[in-house]
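Below is the sequence, then the predicted model.
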Amino acid sequence: MVHHLAKNNSLVNTWINELRDTTLQTDRLRFRKNLERIGEVIAYEISKTMPYQTTAIQTPLGIHQGASLSHEPVIATIFRAGFPLFQGVLNYFDKADCAFIAAYRKHHADGSFNIQQDYVTCPNLEGRTLIIADPMLATGASLIMALEELFEYGKPLAVHIVVTIACTEGIAILRNRYPDFTIWAADIDEELTAKGYIVPGLGDAGDLCFGTKLQM
C-alpha cells in the first residue's frame, strides 16, 4: 500500500514546498525542521495501524481501561540524510528501539554508481514493527540493500517505509520486491534521471541538512 500525503491538502504541502524551494533551502534549520515535521505526521498515521492492548490505568479517582501499543516499534534510518526525518518519527514513538545503517552512493567516471554499505546496528526485529525513514526514494537500491541487512535480525510483523519525496519508478521497484510493505510518501514525482536523481525532487537532502558532502 502507498500513502501519498500531498494528495490531500494539509500543512504537509506547505512543508514540502519549502523543502523544494531553492530560495529557502539555504536555511538549514528550516529544512531539517520540515523533514522532522513530516516524520511526526507520518508517525502518527502509522500509530493508527499498529496493534493495541487494553491497559488498566490507575487515576486519582479510579481505574481507567485504556489502549496502549502491544509493542514498541524499531525505527531505522540511513546515515546521514535520514536523521531529521528519523527524529520526527522518534519524537512520537519515543520509547522505540533504533537501528542505523551507514550507506552511500559511490559514483564512477562513466556516470554509474554502486551502493556502498559499511555499517549496520539493529535490535531484534522478530515480531515487531519496523519503520525505516529515508528522505528520498529514487531507485530504491540503497533502501533494498538496507532492508536485506536488517532482516538478518529477525522477521518483522510489519514494515513501513517513510520517505519525503519518492518517484514512481522507485515505488514500483520496491513494491515488486516487497508487496506487503507500506510506503508513506509526503509527495511523489514522476521522473528519474539516468543518474538516479528525482525530478523535480529537492536536490541532495544530506547536503541541504548538513552542508558539504562528507568525505568517505
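It's in.

Residue 143 is in contact with residue 136, isn't it?
No. Assessed by CB atoms under 8 Å, residue 143 is found out of contact with residue 136, at 9.5 Å. From N, CA and C alone the C-beta is placed, and that goes for glycine too.

For the helix or strand hosting residue 131, the averaged confidence score.
Secondary structure assignment for residue 131, by DSSP states H and E: strand 129-133. The predicted model gives strand 129-133 an average pLDDT of 97.

Pull the residues that contact the following helix or strand past it.
If you walk from strand 129-133 toward the C-terminus, the next helix or strand you reach (DSSP H and E) is strand 136-137. With contacts defined as CB atoms under 8 Å, 6 or more residues apart in numbering, strand 136-137 is touched by 81, 143, 161, 163-167, 170-171, 174, 183, 185, 198, 201-202, 205.

Need the CA coordinates for the helix or strand just after strand 136-137. CSV is fine.
Using DSSP H and E, the next helix or strand after strand 136-137 towards the C-terminus is helix 141-150. Only the C-alpha atoms of helix 141-150 are listed here, as CSV (Å, rounded to 0.1, in the frame of the first residue of the first chain):
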residue,chain,number,x,y,z
ALA,A,141,18.7,0.4,-4.4
SER,A,142,20.1,1.6,-1.0
LEU,A,143,16.8,1.0,0.7
ILE,A,144,16.6,-2.6,-0.5
MET,A,145,20.2,-3.3,0.5
ALA,A,146,19.5,-1.8,3.9
LEU,A,147,16.3,-3.9,4.4
GLU,A,148,18.0,-7.1,3.4
GLU,A,149,20.7,-6.5,6.0
LEU,A,150,18.1,-5.6,8.7
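
any idea of the angle helix 141-150 forms with strand 129-133?
Using axes from the mean of the first three to the mean of the last three CA atoms, to 10 degrees, the direction of helix 141-150 lies 150 degrees away from that of strand 129-133.

tell me how far the helix or strand following helix 141-150 is from the chain's mean position?
Towards the C-terminus, the helix or strand next in line after helix 141-150, according to DSSP H and E, is strand 158-167. Using CA atoms, centre = their mean, to the nearest Å, we find the averaged C-alpha position of strand 158-167 to lie 5 Å away from the chain's own average C-alpha position.
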